[in-house]
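S.K.: starting from these lines, generate the structure:
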Amino acid sequence: MFSIQDNFCGYVSIGDNTYVCTVVEHVVKLIPAYENIHDGYANLMRHISQYPEFIFGVDENNYSIALLRKDKFQHPLIFGTNVSFGTPLIVKSDGNMDGFYNLLPNGDWRNFDAITFSGGAINQIYNPKFAAMVSPTPEGTVEKYDDFDGAHTIRLKPFDEYTHSCSVEIDGEKADLIFSVSQDGKDGDYNVASLGNLISFVRLEFENPQEFDKIERYYNVVKSMLAIFAAQHNITFDVHLSQKDEDRGFQRTGLCKVYDNYEEYSERTHLQVLPLDYFGDYIPSLIEIICNNEANSLLAILPDDNKNLIHIEDIQNLCTALEVAYKQSEHKECKDELIGCLKKAIKKAIKDFSDGQPEIDINKQTTISSAFQYLDFTLKDKIIHLVPYYNVQLSLP
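M.R.: As a prediction, this is how the structure comes out:
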C-alpha cells in the first residue's frame, strides 16, 4: 500500500494560474510557474478571497493531489513572490496512469461513495483476531505428536461472522456504517518479506456521492466515536476513499493524510478499551449525539497523551454538565416532590420553634433561611438517578 510522503513537490492550479508547490510536513508553499512570476503572484493576491478550500494539482510522480486550505495565505514580508499556508488534510489519488482514471466508476476522482478508517486504534477497539479461526493442534501423546509434519494453516471465518453494519445519518446524509476485518495489502508487495496482517476497519457507505469538502466532517465524527471507545483523543488510523462499481464493489480512489498535534499515540491494548462490537446496536444513537454536539462534555475530559491525566477543571465541567442533564430530565419530578416536602417540613419546624421562643428572631438573628434555601439531592444521587434512563445496558459474556 502506497503512502503520502511528509515532503514532496508538484504543481497546483488556482484560478487561471499554475503554481509550483512544495509540501514540508503540513506547510504548503506556492510559487507562480510563469516566466514573469510577479504577475501570477499579483493575481493570486487580488483574488485570494475567492479561492476554494481545496486546491487541486499533481505531485512529482503525476498522482493527483488535493490540499485542504483552512488558514489564510501567508506571504513574505519583504521581497518575496511565494505564498504559503498550513494544510490539515492531503488527499492523493490511488493511481497515476490512464488505466486508473478510465476505470473510475464516477469518472472523476474528486468525489467518493465511501470513506474507510482502518488500522491503528481501530485494531484496539475491534481486535482483528476475531476473524481468525483457531488452528487445530496435534492431539494425544508425545508419540502421536512425532507424526505431526509441521504443516500449519491460517484460516479466516466467513465474512458475515465478523462483519457488522448499521444505518446512520450525518448532517442529513444517510449511510451504512460497516466495521469488519481485512488484510493490509502487504502480501502483494514483493519488496517485503511480510505476508501481510489483519487490520480492522470502519467504513461509511453513503447513499449519494460525496464531495471532498465533506471529508473533514466525517473524519471528525468517526474520530470522536473512536476516541470515546478508546478513552483517549490521541489515536491514529489510516483513511482512504472509494467509489462504488456495480460489478467490482468499492474501488479505492484516494488516500488521505490527516495532520494532528499529538506528540504520541495511544498505546492501550484491546483489553483496556471499550469493545466496538458490544455497542454495535447503539452506534446510530452515538453518532447522532456526536453530530448534535451533545457528547462535547465527555470528549472534553478525554486525555490527549498517554499520561492519562485529567485536569480538575474538566471534572468540574463534567459535573456541571451532569447537573444540567438532571435538570432537563423528564424523570426527576418524583424526586423533586420529595425535596419539596422536606422543605415544607423544615419550615413548619422553624415556625413551631419561633412560636414557642418569641425572644429570638430566627430569620434575622440566624442563618437558618440560607441553611436550607439550596437544599437538594447530592450530585452523586442525581447521577445515579439518571443511570437507568441514559446508560447503555450490556449483556456481557
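S.K.: what sits against K157?
M.R.: Listed by CB atoms under 8 Å, 6 or more residues apart in numbering, the contact set of K157 reads 130-133. In short, each C-beta sits where N, CA and C put it, glycine included.
S.K.: quick check, pLDDT for the residue nearest the centre of the chain.
M.R.: Geometric centre of the chain, nearest residue: K223, 0.6 Å, by CA atoms, centre = their mean. You'll see K223 listed with a pLDDT of 96.
S.K.: and for P88?
M.R.: So P88 comes in at 93 (pLDDT).
S.K.: I368 now?
M.R.: I368 carries a pLDDT value of 74.
S.K.: now it. Nearest residue, chain neighbours left out?
M.R.: Counting by CB to CB, 6 or more residues apart in numbering, I368 lies nearest to I362, which is 5.4 Å off, once chain neighbours are set aside.
S.K.: and what of L198?
M.R.: Per CB to CB, 6+ apart, closest to L198 is P128, 3.8 Å.
S.K.: coming back round to it: the residue nearest to the centre of the chain: what secondary structure?
M.R.: helix (DSSP: H, G, I helix; E, B strand; the rest coil).
S.K.: one more: A325?
M.R.: helix.
S.K.: just the helices in the stretch 201-350 of the chain please.
M.R.: All helices of the stretch 201-350 of the chain, identified by DSSP state H, counting those that start in this stretch, fall at 215-230, 283-291, 296-299, 312-328, 333-356.
S.K.: and the stretch 51-200 of the chain, by the same measure?
M.R.: Listed in chain order, the helices found in the stretch 51-200 of the chain under DSSP H, counting those that start in this stretch are 98-102, 121-125, 142-145.
S.K.: gap between the nearest residue to A295 once chain neighbours are set aside and L298?
M.R.: In space, and not counting its chain neighbours, A295 is closest to I289: 5.0 Å by CB to CB, 6+ apart. Distance from I289 to L298, counting by CB to CB, to the nearest Å: 9 Å.
S.K.: and what of I215?
M.R.: 24 Å.
S.K.: out of these two, which sits in the more crowded spot?
M.R.: I215 (22 against 15; other CB atoms under 10 Å).
S.K.: for H26, which non-adjacent residue is closest in space?
M.R.: The nearest residue in space to H26 (CB to CB, 6+ apart) is Y259, at 4.2 Å.
S.K.: returning to what we had before: could you dump the helices of the stretch 51-200 of the chain to CSV with distance to Y19, mean pLDDT and mean neighbour count?
M.R.: Formatted as CSV, the helices of the stretch 51-200 of the chain follow (distance: least, CB to CB, whole Å; pLDDT from 0 to 100; neighbours: other CB atoms under 10 Å):
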stretch, distance to Y19, mean pLDDT, mean neighbour count
helix 98-102, 23, 85, 11
helix 121-125, 36, 94, 24
helix 142-145, 68, 50, 9
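S.K.: out of those helices, which comes closest to E161?
M.R.: Distance to E161, taken as CB to CB, is lowest for helix 121-125 among the helices of the stretch 51-200 of the chain, at 18.0 Å.
S.K.: wait, doesn't the residue nearest to the centre of the chain sit right on N234?
M.R.: No: at 10.8 Å, K223 does not count as touching N234 under the criterion of CB atoms under 8 Å.
S.K.: picking up where we left off before, was I right to think the residue nearest to L198 contacts F201?
M.R.: No: P128 is not in contact with F201 according to CB under 8 Å; the separation is 9.1 Å.
S.K.: identify the contacts common to those two.
M.R.: The contact sets of P128 and F201 overlap at V181 (CB under 8 Å, 6+ apart).
S.K.: stretch 56-63: end-to-end distance?
M.R.: Taking CA to CA, to the nearest Å, the first and last residues of stretch 56-63 lie 11 Å apart.
S.K.: got a list of contacts for it?
M.R.: Residues contacting stretch 56-63 (CB under 8 Å, 6+ apart): 8-13, 19, 21, 64-67, 92-93, 95-96, 110.
S.K.: try 10 Å
M.R.: By CB atoms under 10 Å, 6 or more residues apart in numbering, the surrounding residues in contact with stretch 56-63 are 2, 4-5, 8-14, 18-21, 23, 30, 64-67, 90-97, 100, 109-110, 212, 254-255.
S.K.: are any of those residues buried, and which?
M.R.: Among those, the ones that count as buried by 16 or more other CB atoms under 10 Å are 4, 8, 10, 12, 14, 18-21, 23, 30, 64-67, 90-96, 100, 109-110, 212, 254-255.
S.K.: so which of those residues are in strands?
M.R.: If you go by DSSP state E, the buried ones among the contacts of stretch 56-63 have 8, 10, 12, 14, 18-21, 23, 30, 64-67, 90-93, 254-255 in strands.
S.K.: what residues of stretch 65-79 count as buried?
M.R.: Buried, per 16+ other CB under 10 Å, within stretch 65-79: 65-69, 73.
S.K.: what would the residues you listed look like in CSV with pLDDT?
M.R.: Shown next, in CSV, are the buried residues of stretch 65-79 (pLDDT from 0 to 100):
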residue, pLDDT
I65, 96
A66, 96
L67, 95
L68, 94
R69, 89
F73, 76
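S.K.: reformat the residues you listed as JSON lines; add distance to G280.
M.R.: What follows is those, written out as JSON lines (distance: CB to CB, whole Å):
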{"residue": "I65", "distance to G280": "36"}
{"residue": "A66", "distance to G280": "33"}
{"residue": "L67", "distance to G280": "36"}
{"residue": "L68", "distance to G280": "32"}
{"residue": "R69", "distance to G280": "37"}
{"residue": "F73", "distance to G280": "45"}
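S.K.: between the residues you listed, which is nearest L338?
M.R.: Nearest to L338 out of the buried residues of stretch 65-79 is L68 (CB to CB; 54.9 Å).
S.K.: what sits closest to the closest one if chain neighbours are left out?
M.R.: The nearest residue in space to L68 (CB to CB, 6+ apart) is L89, at 4.0 Å.
S.K.: show me the contacts for the one you found.
M.R.: Here L89 is in contact with 26, 53-54, 66-70, 212, 215-216, 219, 239, 256-259 (CB under 10 Å, 6+ apart).
S.K.: burial measure for I315, as a count.
M.R.: Residues near I315, counting by other CB under 10 Å: 11.
S.K.: for the residue nearest to H26, what are phi and psi?
M.R.: phi -100, psi 140 (degrees, to the nearest 10).
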